[in-house]
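K.L.:
only geometry, no sequence info:
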């Protein structure tokens with residue numbers, strides 16, 4: 001992971017038109033953008049397509065990035081907007097899960113050297129959380145994903161979705177409460 005000054009240097013080079021600098025930015029942020037798109041509710045194929053669109057839009061407008069927010073926040077903003085467009089277009093489509101269990105929330109992954117039973121429990125927890133996230137309204141899901149799963153600060157996450165902090169905090173609270181209610185039956189059974 002690049003330091004803030006290294007990332008700023010890459011941004012400056014990309015703003016000067018250097019494609020290789022932007023390719024390095026993409027490499028640094030692609031996995032997190034893809035993961036956020038999946039947790040926003042896109043299936044793997046859609047997330048791939050939308051991630052490409054996110055970085056294409058970012059490249060086209062990198063010269064307008066002023067650095068008032070972190071680059072990752074700016075990219076999440078683009079990703080959120082693109083995910084919203086795709087979800088609106090596919091409102092009648094059913095969102096599926098990844099049958100191979102390839103996508104995992106960071107919090108449920110656990111260390112790679114854990115035993116098979118722990119890995120199975122982690123996959124089951126991941127699947128439960130992913131199902132519950134898909135049941136949240138888009139605004140609440142985005143708040144929970146950006147703040148709790150992607151680790152953005154409240155201010156950064158509010159900027160990413162384009163609302164004031166107070167509105168974001170309300171969405172986050174409601175999303176957390178609904179997520180807790182959706183997961184409670186599973187947690188009580190365990």
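P.N.:
Perfect, thanks for sending it. No experiment lies behind these values; they were computed from the predicted model shown.
K.L.:
for the longest helix seen in the chain, give the mean pLDDT please.
P.N.:
Ordering each helix of the chain by length in residues (DSSP state H) puts helix 165-189 first. With pLDDT averaged residue by residue, helix 165-189 scores 90.
K.L.:
buried ones in that helix?
P.N.:
168, 169, 171, 172, 174, 175, 176, 178, 179, 182, 183 (16 or more other Cβ atoms under 10 Å). The C-beta positions use only the backbone N, C-alpha and C, and glycine is treated the same way.
K.L.:
so who does the fifth one touch?
P.N.:
If you count contacts by Cβ atoms under 8 Å, 6 or more residues apart in numbering, residue 174 has them with residue 140.
K.L.:
okay, it and residue 181: tell me how far apart.
P.N.:
11 Å (Cβ to Cβ, to the nearest Å).
K.L.:
go on, residue 86?
P.N.:
27 Å.
K.L.:
would you mark the buried spots in stretch 21-34?
P.N.:
By neighbour count on 16+ other Cβ under 10 Å, the buried set for stretch 21-34 is 21, 22, 24, 25, 26, 28, 29, 32, 33, 34.
K.L.:
so which residues make contact with that stretch?
P.N.:
By Cβ under 8 Å, 6+ apart, stretch 21-34 touches 1-2, 7, 10-11, 13-14, 47-48, 51, 54-55, 58-59, 62, 71-72, 75-76, 79, 150.
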